[in-house]
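Peer 1: Need coordinates for the following:
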Amino acid sequence: MKLTVSANDSVSDVLSETEAALNGVAEDIIHECQIIIDEFMANMKHHVFPATPATEWTLELEKTQTGVTIKFRYAGKKFDPASACGYVADCPIERRDIGGLGLILIYSLSDDQHFNYLNGMNEWTIKKHF
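Peer 2: Sure, this is the predicted structure:
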């Protein structure tokens, strides 16, 4: 399933479509996938859309026999989530800016992550195993 999401799309609508696309998958896996997508949407609305409000991004969900693959794709300057996640995790809490923990949550809920940047497109692939 592939969704195109824009700045004014509601989180609840996207999460409902996610639940429908993952029909037949265990409830806890669906819920963790929804948390991952919710956190990604929060980051998009906070960091990407204010700078480029016309930006749309795509969400692809694929069920396999071994798990779920979530792929986020959007145009913009290169942003590798692993680099930001490492900074937040290593920074003492008293020196940390507000935010950044959503990326750590996404990493903790997923089993594999891969980031790619090509021709102005960020692509972050996340896998959740059964």
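
Peer 1: use CA for all of it now, contacts and neighbours both
Peer 2: Noted.

Peer 1: I figured Leu103 was touching Pro81, is that so?
Peer 2: Yes. Taking contacts as CA atoms under 8 Å, Leu103 lies within contact range of Pro81: 6.9 Å.

Peer 1: neighbour-wise, which of these two wins?
Peer 2: Between Leu103 and Pro81, Leu103 has the larger neighbour count (other CA atoms under 10 Å), namely 21 against 17.

Peer 1: who's in contact with that one?
Peer 2: Contacts for Leu103 were tallied using CA atoms under 8 Å, 6 or more residues apart in numbering; they are 39, 81, 84-85.

Peer 1: ok, of these, which come out buried?
Peer 2: With burial judged by 16 or more other CA atoms under 10 Å, the buried subset of the contacts of Leu103 is 39, 81, 85.

Peer 1: List the contacts of the second one.
Peer 2: The reference is to Pro81. By CA under 8 Å, 6+ apart, Pro81 lies in contact with 103, 115.

Peer 1: returning to what we had before: now tabulate the contacts of Leu103 in TSV and tack on secondary structure and distance to Lys128.
Peer 2: As requested, those are arranged in TSV below (DSSP: H, G, I helix; E, B strand; the rest coil; distance: CA to CA, whole Å):
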residue	secondary structure	distance to Lys128
Glu39	helix	15
Pro81	helix	17
Ala84	helix	21
Cys85	helix	18
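
Peer 1: Adding pLDDT and distance to Asp13, write those out as CSV.
Peer 2: Compiled in CSV, those are given as follows (pLDDT from 0 to 100; distance: CA to CA, whole Å):
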residue, pLDDT, distance to Asp13
Glu39, 94, 15
Pro81, 89, 25
Ala84, 73, 28
Cys85, 70, 27
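
Peer 1: Can I get those in CSV including distance to Phe130?
Peer 2: Conversion of the contacts of Leu103 to CSV gives the following (distance: CA to CA, whole Å):
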residue, distance to Phe130
Glu39, 21
Pro81, 24
Ala84, 27
Cys85, 24
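
Peer 1: which of these sit farthest apart?
Peer 2: The most widely separated members of the contacts of Leu103 are Glu39 and Ala84, with 14.4 Å between them, by CA to CA.

Peer 1: The residue positioned nearest the centre of the chain and Val5, how far apart?
Peer 2: For the chain, the residue sitting closest to the mean C-alpha position, by CA atoms, centre = their mean, is Phe40 at 3.5 Å. The gap separating Phe40 from Val5 is 12 Å, by CA to CA, to the nearest Å.
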